[in-house]
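**Student:** whatever this is, show me its structure:
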Amino acid sequence: MQPFFDFDASAKEAFEAYKKVLQSVETMMHVEDTGSNMTEREVVYEQDKLKLYHYKPVVKRPMKVPTLIVYALINTPAMMDLQQDRSFIKNLVEGGTDLYLIEWGYPTADDKYITLSDYINGYITDVVDFILKKHNLKQLNILGVCQGGTFSLIYTALNQDKVKNLVTMVTPVDFADNDGLLYRWGKDLDVDRMVEAFGVIPGDFMNTGFLTLKPVSLMVNKYVDLVNDIDNLDSVNNFMRMEKWIFDSPDQAGYAFREFVNSFFRDNLLVKGEYKLDGETVNLKNITCPILNLIAERDHQVPNSSSLPLADHVGSEDVTTKVFPTGHIGLFVSGRSQREVAPLTIEWLKARSK
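**Tutor:** Below is the predicted model of the structure:
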């Protein structure tokens, strides 16, 4: 007859749990706040809060045409160089890309009046001209990420002569659908009152919005999963790096934030051909350079219905669209990113950067 209660098994289970707790304490004492932005780079240009980084080439003959990464204003581009074994940037550099990156910095109260024109016709234009002058070239490649991809499309439509190739990653283009919560909220958000009240929109407000897109996964499950690996130092370090990036949310310049929400989320002016920047109409058909459009199939921030239509709105005859079975962040940090996304990007740029 089986005993009602197995004391030996329970004692063993309790002992293993006790060991895990002790190891967890040891693990938490050795968590490191390192790993992100480790690919070697230097600041080569500064303007206001903006910094332009150039990554040190590690191959003898990098691509002759340099590539500029234009990231979104939300969060920081550290996600692209999160840790050395999951670094999209490291892969690009090792693949021969002569790489530059814009870090926008952290807006403060005096940046309330910065507009989209300041970002695109001002900062991006100045950075592009700096790089072209440095390399004595007439054209460069641009790689735009998320909102930075939208900026890159606008810049290229107005300055096609300076852009040789354009890569867009998880980039919103058509804001008509309501497939994502952000797209539903954006159409009804009283952004004018928000800017009036805050001036500069708090990064915490933006971050809360992103977390509520998948509340169970992003606010419950990931912490439950952490408990299972709490005694594994590598797992905890990886978790902390991602958490640090997620909650490192810069504030948003009020006027630019309002214009982006009203012009695109609410009125969808870009694909309608009605968006104007400094009085000049932005016509996506003016983009005739080769385009590589990279999309995350399980993206809960930028729905596929927003990114896929890009090929229908540009004038380029060379548009490559690739959809990967991953999420918004996974396009940069997942194993698939290292095996497939980065190599594809490198080979595509190499073939068109001669």
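**Student:** tally up the residues packed near G105, please.
**Tutor:** When neighbours are defined as other Cβ atoms under 10 Å, G105 has 16 of them. (Glycine included, C-beta is placed from N, CA and C.)
**Student:** check the one 3 residues further on too.
**Tutor:** The burial count assigned to T108 is 13, neighbours taken as other Cβ under 10 Å.
**Student:** cool, E42 as well?
**Tutor:** Counted with other Cβ under 10 Å, E42 comes out at 9.
**Student:** packing partners of the helix or strand containing it?
**Tutor:** E42 belongs to strand 41-47 when elements are defined using DSSP states H and E. Judged by 3 or more Cβ pairs under 8 Å, 6 or more residues apart in numbering; DSSP states H and E, the packing partners of strand 41-47 are strand 50-55, helix 125-135.
**Student:** next, the angle from the first helix or strand past the longest one going along the chain to helix 125-135.
**Tutor:** This means helix 125-135. The helix or strand immediately downstream of helix 125-135 is strand 140-145, counting by DSSP H and E. The directions of strand 140-145 and helix 125-135 differ by 140 degrees, with axes from the mean of the first three to the mean of the last three Cα atoms, to 10 degrees as the criterion.
**Student:** do a quick rundown of the strands in this structure.
**Tutor:** Shown for the chain, the strands assigned by DSSP state E span residues 41-47, 50-55, 67-70, 99-103, 140-145, 163-169, 276-277, 280-281, 291-296, 319-324.
**Student:** just checking: what are the partner strands of the strand holding E42?
**Tutor:** strand 50-55 (antiparallel) (DSSP bridges).
**Student:** show me how far the strand it pairs with is from its chain's centre.
**Tutor:** 16 Å (Cα atoms, centre = their mean, to the nearest Å).
**Student:** and stretch 172-180, by the same measure?
**Tutor:** On Cα atoms, centre = their mean, the centre of stretch 172-180 falls 18 Å from the chain's centre.
**Student:** ok so, going back, quick one, which of the helices and strands packed on strand 41-47 is packed in tightest?
**Tutor:** Greatest average neighbour count among the helices and strands packed on strand 41-47 goes to strand 50-55 (a mean of 19), per mean count of other Cβ atoms under 10 Å.
**Student:** and that strand, C-alpha only, in CSV?
**Tutor:** Taking C-alpha atoms only, strand 50-55 is exported to CSV below (Å, rounded to 0.1, in the frame of the first residue of the first chain):
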residue,chain,number,x,y,z
LEU,A,50,22.1,64.2,-31.1
LYS,A,51,25.2,62.1,-31.3
LEU,A,52,26.4,60.3,-34.5
TYR,A,53,28.4,57.2,-33.9
HIS,A,54,30.7,55.5,-36.4
TYR,A,55,31.5,51.8,-35.8
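**Student:** next, the angle strand 99-103 makes with it.
**Tutor:** Relative orientation of strand 50-55 versus strand 99-103 (the same axes, to 10 degrees): 160 degrees.
**Student:** ends of stretch 283-298, what's the gap?
**Tutor:** In stretch 283-298, first residue to last residue: 29 Å (Cα to Cα, to the nearest Å).
**Student:** just to revisit the earlier point, which parts of the strand holding E42 are buried?
**Tutor:** Within strand 41-47, the residues that qualify as buried are 41, 45, counting by 16 or more other Cβ atoms under 10 Å.
**Student:** do the same with stretch 320-340
**Tutor:** Using 16+ other Cβ under 10 Å as the test for burial, stretch 320-340 gives 324, 326-334, 337-338.
**Student:** output it as CSV, restricted to C-alpha atoms.
**Tutor:** The C-alpha trace of stretch 320-340 is given here as CSV (Å, rounded to 0.1, in the frame of the first residue of the first chain):
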residue,chain,number,x,y,z
THR,A,320,12.4,43.2,-51.7
THR,A,321,9.9,42.4,-49.0
LYS,A,322,10.7,39.7,-46.4
VAL,A,323,8.5,38.6,-43.5
PHE,A,324,10.1,36.7,-40.6
PRO,A,325,8.2,34.6,-38.1
THR,A,326,9.3,36.7,-35.1
GLY,A,327,8.2,39.7,-33.1
HIS,A,328,9.0,43.4,-33.2
ILE,A,329,12.1,43.1,-31.0
GLY,A,330,12.9,39.6,-32.2
LEU,A,331,13.7,40.9,-35.6
PHE,A,332,16.9,42.2,-34.0
VAL,A,333,17.8,40.0,-31.0
SER,A,334,16.5,36.5,-31.8
GLY,A,335,18.5,33.6,-33.0
ARG,A,336,16.7,33.9,-36.3
SER,A,337,17.9,37.5,-36.5
GLN,A,338,21.5,36.3,-36.2
ARG,A,339,21.0,33.4,-38.7
GLU,A,340,18.8,35.0,-41.3
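**Student:** could I get the average pLDDT for it?
**Tutor:** Mean pLDDT, computed over stretch 320-340, is 94.
**Student:** any residues touching it, and which ones?
**Tutor:** Stretch 320-340 is contacted from outside by 79-80, 82, 85-86, 88, 91, 146, 169-170, 242, 290-302, 304, 308, 310-311, 341, 344, 348, using Cβ atoms under 8 Å, 6 or more residues apart in numbering.
**Student:** cool, stretch 341-350 as well?
**Tutor:** Taking Cβ under 8 Å, 6+ apart as the rule, stretch 341-350 contacts 63, 65, 67, 88, 91-92, 95-97, 141, 143, 165, 167, 292, 294, 320, 322, 324, 331-332.
**Student:** are any of those residues buried, and which?
**Tutor:** With burial judged by 16+ other Cβ under 10 Å, the buried subset of these is 63, 65, 67, 88, 91-92, 95-97, 141, 143, 165, 167, 292, 294, 324, 331-332.
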